[in-house]
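Student: would you be able to build a 3D model of this:
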Amino acid sequence: MPSLILLHGALGSAQTMQPLQQALTADFDIHTLDFLGHGPSPAQAFDIPILAEQVKNYIQSTGLEQPHIFGYSMGGYVALYLAQQAPTLADRIFTLGTKFAWSPEIAAKSIRGIQADKIEEKVPQFASYLKGLHGEIEWRILLQHTAEMMEDLGVSAPLNTANATQIANTALICLGDEDNMVSHEETSSFAEAMPQGQFQLLPQTQHPIQKVDPNALAPYLRNFLLQS
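Tutor: Just a heads-up that it's a prediction; the model follows:
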């Protein structure tokens, strides 16, 4: 049975991957992990290279041999950066809702959307959700560290269409047709820049993974990852 690592997005945790894990458990040896600073992991700063190193260490410490990787949003960015740095570590890569276009202006806009006080005031249910995932105090620290990561991406994003040519892995770069955080252009352009990249638009799919039907997403992963 092929191995598959599921990587969650920013502000998420391994827990957010459980519905998809259940939908795929009959076909893959599933692995999940909490990125540093997320979930029960102690609060700490992080960036894309640090998270990619964490995934690399996980693959090596568990003895996985070229696992497939599914990365949602930030998890997809981490997976592709890892593939660029260590081309033979993983096999196929499937991403969903990963943002590739970054600038200081885009980062600033994204950061404005993750202010803890504003979240508690305007979307208290989301605040409660984040507290449940990360802790009553830790969720605020995670928001700050995520903002710092976004600021870094805005200044110097490690992935772009120029260096996408260095990613040799076969990859399916997906975007939901109802995603209001990531554009069609940035997603398809990055996929086209990769030597073995493919782009696919998923119907009736929003950005938040909590709103994605795992039973609708799972067949896309099976069809792509189990190709001979």
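
Student: alpha carbons only for contacts and neighbour counts from here, please
Tutor: Will do.

Student: which residue of this structure sits farthest from its center?
Tutor: Glu121 (26.9 Å; CA atoms, centre = their mean).

Student: tell me the contacts of Lys56?
Tutor: Counting by CA atoms under 8 Å, 6 or more residues apart in numbering, Lys56 touches Leu82, Leu89.

Student: check the gap between it and Gly63 for me.
Tutor: Here the criterion is CA to CA, to the nearest Å. By it, Lys56 lies 11 Å from Gly63.

Student: now Gln198
Tutor: Distance, Gln198 to Gly63, using CA to CA: 28 Å.

Student: equivalent analysis for Trp102, please.
Tutor: 34 Å.

Student: got the phi and psi for Gly71?
Tutor: Per-residue torsions, Gly71: phi -130, psi 120 (degrees, to the nearest 10).

Student: this structure: helices as residue ranges?
Tutor: For the chain, applying DSSP state H gives helices covering 18-24, 48-62, 74-85, 104-112, 116-122, 124-134, 138-155, 184-193, 214-225.

Student: include mean pLDDT and distance to Thr32 when you put these into TSV, please.
Tutor: Formatted as TSV, the helices of the chain follow (pLDDT from 0 to 100; distance: least, CA to CA, whole Å):
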stretch	mean pLDDT	distance to Thr32
helix 18-24	98	9
helix 48-62	98	10
helix 74-85	98	11
helix 104-112	96	26
helix 116-122	94	27
helix 124-134	95	15
helix 138-155	97	19
helix 184-193	98	24
helix 214-225	97	15
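
Student: winner for burial among these?
Tutor: Of all those, helix 74-85 has the most neighbours on average by mean count of other CA atoms under 10 Å, namely a mean of 24.

Student: what's the angle from that one to helix 48-62?
Tutor: On the basis of axes from the mean of the first three to the mean of the last three CA atoms, to 10 degrees, helix 74-85 is oriented at 80 degrees to helix 48-62.

Student: now for helix 74-85, which elements pack on it?
Tutor: Other elements packing on helix 74-85 under the criterion 3 or more CA pairs under 8 Å, 6 or more residues apart in numbering; DSSP states H and E are strand 3-7, helix 48-62, strand 68-72, strand 93-96.

Student: closest to Leu225 out of these?
Tutor: Closest approach to Leu225 among the helices and strands packed on helix 74-85 (CA to CA): strand 68-72, 7.1 Å.

Student: what pairs with the closest one, parallel or antiparallel?
Tutor: Using DSSP bridges, strand 68-72 pairs in its sheet with strand 3-7 (parallel), strand 93-96 (parallel).

Student: for Leu51, see how far away the spatially closest residue to Ile48 that is not a sequence neighbour is.
Tutor: The shortest distance from Ile48 to any non-neighbouring residue, by CA to CA, 6 or more residues apart in numbering, is to Val78 (5.9 Å). From Val78 over to Leu51 the distance is 7 Å, taken as CA to CA.

Student: tabulate the helices of the chain in CSV, adding columns for distance to Gly39.
Tutor: Putting the helices of the chain into CSV (distance: least, CA to CA, whole Å) gives the following:
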stretch, distance to Gly39
helix 18-24, 13
helix 48-62, 14
helix 74-85, 14
helix 104-112, 20
helix 116-122, 17
helix 124-134, 4
helix 138-155, 9
helix 184-193, 28
helix 214-225, 21
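
Student: ok, now which ones touch the most centrally placed residue in the chain?
Tutor: In the chain, the centroid-proximal residue (CA atoms, centre = their mean) is Gly75; its distance is 2.0 Å. Shown in contact with Gly75 (CA under 8 Å, 6+ apart): Leu7, His8, Gly9, Ala10, Thr95, Thr98.

Student: now, which of those sits nearest Glu151?
Tutor: The closest of the contacts of Gly75 to Glu151 turns out to be Ala10 (CA to CA; 13.7 Å).
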